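> fold the following, please.
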Amino acid sequence: MTSEAPNIKGVRSRVVNAKRTVLSQGVRAKIEKDNCSKFGNKLSGWNKEAYNPNSSGKRLVRGFFGHTRFATSSKASMDGTHPHQWSPRRFYTFYPFQSAAASLQPFERRRSGAVGTGFAESVTTDNSKVHHLAPKSQSIGVENFVTHNGDFEFYKIGGSYYDTEAIQKFLVMTLKVPMPAVVDSAAIAGMMDLLRTQGSFALSARYALCFCIDSENPTDPAVVYPSADQYDEIGKLFEKAIDDMVKEKDIKTLEMISSSDDLRQELASNIKRGLAMAVSSKSMSYARKAALNALGNLVPMHDIEEGNLGKFVKATVTAFFDNDLLHSMRLFLENAKGSFGLCVTTTIDSHRQAVFAAKGQTLSVAFYPRKGVICYGSEQAAVKAGLNYDTPQGKSTFGTDFKFVDENAVRLDLDDLGGEIVLLDWGYAGDKEPSVSPPNRNLTVDKLMGGSVNVILLHQENVMSKNPKIHKRLVQLENNEFIKPLLPDTNDPVLGDIQDIPKICANIQTDWQDVGLNRMTAWHLGQCIRHRMQAHVDGKLEQHASQVDILITGCEVSLWAAEQFAADLSKCFPKLYVKSVSANKVSISYSMTWYGRLLRNYT
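Numbering: from 1, shown residues only. Down below sits the predicted model:
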């Protein structure tokens, strides 16, 4: 019996909005065309066991990941739309990983079936005793998809930062794939192609050559990196070493090696010996010889123990065990400069995981337990979409997972100031614990959606370390008087806005007549202005050119309102200097000030 990870293929539905069309309607129509059956307008596979609760636990969760882009720095075009993908689908040999807890379960749960993925077993004739259990590789089609709000400006390789243009050229050199789009977000997809390597020695070897060996300038066009086929040949030497080690030591799951520094080191030593034998062999295939020659151009093969070859083997083994989805996102944010509201999905992990990140750009994730829906977006209001629509609660011929869940919907706002990553893991094949590599296993695991989804938060700068518990950060969306559902859709938004003006004006008048938040806020603002003016009169404030008395911030539409409010305040109080500025600029400025203070304290 085998327990394999599913082979998933992504479907990209992309739309460029025309002058007189509604983008949301165009996106909806394209998604339905690409993902629904022609008859009955139901999602493809709606009646298949793989998409519904089943006895094996191998249920696939549908995910729709997207981003509506306003062309601020380049024209709107099809190649610039999201989701972005750099490398086309290609099959690689993978050793699927599972959670550390599930790695121990197969010994105890043979009669109830396999738990997790990435192993094969044979049993005795009476099915009562395991005869052999060992890790098993399989061929998986690899695709990485990215949605990104923000700007990707620099990335650090070998201790030096390279701008986006240099990184784009570097990706063409290393991935051997033409640049799919000139927009910076596409380069993030290419970086994830290089970083997400856990389970594949071919991809891990590519990562090691790109980031972990000594090189004066890895982006130099004179540097020739191996091709994908050559990485496959290199990876076969590593695969033979781990297969031999598994057989000799009767290793049941890869977790036994992953969690042991000694076994990792032993594996690296075996690989180096295997490389030495391969190099000295007089009988090898043309493909093997070409691959070793390509490797030798970057890593001298004569020095097995020292130099770049030792670093290459160690880095490849480390990436093979550690570079899962969460750690790949962590590596990217630690080395990238810019602003990021990110979602990354890959066909390697999408049967159980998705990862989101915020740094310099806001990002919120909303959980609707009773509906079995999770929404994410760069605007807090956007994730309220789940409040407006009734879902079938997962109802199908196979029943539902969520009909007994009695929890209110909640929203989690990521810390975009210090930088934060959130991994969502809903498990697969009976493995209900999160699959996380050793570098990040110290992180707290919280459970939402009736306990069916594992949530792991990783703070880049520990800005929010005073409130580590996730429940203190969740904003309740249902049964909350301060959270209002989105307005109903309309075929004519302009006409709808005009018709809403009298009602909105009446609501404003009514709100100010009652003692509510608006009147309390106005009273506090008046008090602050009075104290500020009194300080000017008393001479308590030092006068200088950069002095600001009232600072008003906002983003996009709210920034326009802030600019008008600042102009009105300046007319009312000409002696006060009132300034409006983008909230993003304030956030970045505060972040740099805080980080500089941290460095000074550390020094």
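
> these two touch, right, residue 253 and residue 103?
Yes. Here residue 253 reaches residue 103: they are 4.2 Å apart, a contact under C-beta atoms under 8 Å. Every C-beta, even on glycine, is put in place using the N, C-alpha and C of the backbone.

> which neighbours do these two share?
Common neighbours of residue 253 and residue 103 (criterion: C-beta atoms under 8 Å, 6 or more residues apart in numbering): none identified.

> residues contacting residue 169?
219, 221.

> just how off-centre is the helix or strand encompassing it within its chain?
Element membership for residue 169, per DSSP states H and E: helix 164-175. The chain centroid and the centroid of helix 164-175 are separated by 21 Å, computed with C-alpha atoms, centre = their mean, to the nearest Å.

> equivalent analysis for stretch 213-228, please.
The answer for stretch 213-228 is 27 Å, by C-alpha atoms, centre = their mean.

> pLDDT (mean, whole number) over that stretch?
Averaging pLDDT along stretch 213-228 gives 84.

> now do that stretch: distance from first to last residue.
This stretch, stretch 213-228, spans 19 Å end to end (C-alpha to C-alpha, to the nearest Å).

> got the buried residues for it?
213, 215, 218, 219, 223, 225, 226 (16 or more other C-beta atoms under 10 Å).

> the last one contacts residue 202, doesn't it?
No. The criterion here is C-beta under 8 Å, and residue 226 misses it with residue 202 at 9.6 Å.

> identify the contacts common to the two.
With C-beta under 8 Å, 6+ apart, residue 226 and residue 202 have common neighbours residue 234.

> tell me the phi and psi of the nearest residue to residue 164 once chain neighbours are set aside?
Nearest in space to residue 164, with sequence neighbours left out and distances taken as C-beta to C-beta, 6 or more residues apart in numbering, is residue 184 at 4.9 Å. Backbone torsions of residue 184, given as degrees, to the nearest 10, read phi -70, psi -30.

> from residue 339, how far off is residue 184?
From residue 184 over to residue 339 the distance is 11 Å, taken as C-beta to C-beta, to the nearest Å.

> what of residue 319?
Relative to residue 339, and taking C-beta to C-beta, residue 319 is found at 27 Å.

> equivalent analysis for residue 479, please.
Separation of residue 479 from residue 339 (C-beta to C-beta): 34 Å.

> then residue 280?
51 Å.

> the two: which is more packed in?
Higher neighbour count among residue 280 and residue 339: residue 339, with 20 against 8, using other C-beta atoms under 10 Å.

> now the lengthiest strand in the chain and helix 164-175, what's the angle there?
Ranked by residue count, the top strand of the chain under DSSP state E comes out as strand 144-157. Counting by axes from the mean of the first three to the mean of the last three C-alpha atoms, to 10 degrees, strand 144-157 lies at 110 degrees to helix 164-175.

> change the start of the numbering to 732 and stick with it
Renumbered: residue one is now 732, and that last one reads strand 875-888.

> and strand 875-888, what's buried?
Buried-residue list, strand 875-888, by 16+ other C-beta under 10 Å: 875, 876, 877, 878, 879, 880, 881, 882, 883, 886, 888.

> helices and strands of this protein: which one has the lowest mean pLDDT?
Within the chain, confidence by mean pLDDT, DSSP states H and E is lowest for strand 850-854 among all helices and strands, at a mean of 51.

> which other helices and strands contact the helix or strand residue 964 falls within?
Counting by DSSP H and E, the element that carries residue 964 is helix 959-980. Here helix 959-980 touches strand 821-825, strand 861-866, helix 932-942, helix 992-1011, helix 1017-1029, helix 1038-1053, going by 3 or more C-beta pairs under 8 Å, 6 or more residues apart in numbering; DSSP states H and E.

> what's the angle between it and strand 821-825?
Interaxial angle of helix 959-980 relative to strand 821-825 (the same axes, to 10 degrees): 20 degrees.

> number of residues surrounding the closest residue to residue 762 other than its chain neighbours?
Computed as C-beta to C-beta, 6+ apart, the closest residue to residue 762 that is not its neighbour in sequence is residue 744, at 4.8 Å. A total of 18 residues lie near residue 744 under the criterion other C-beta under 10 Å.
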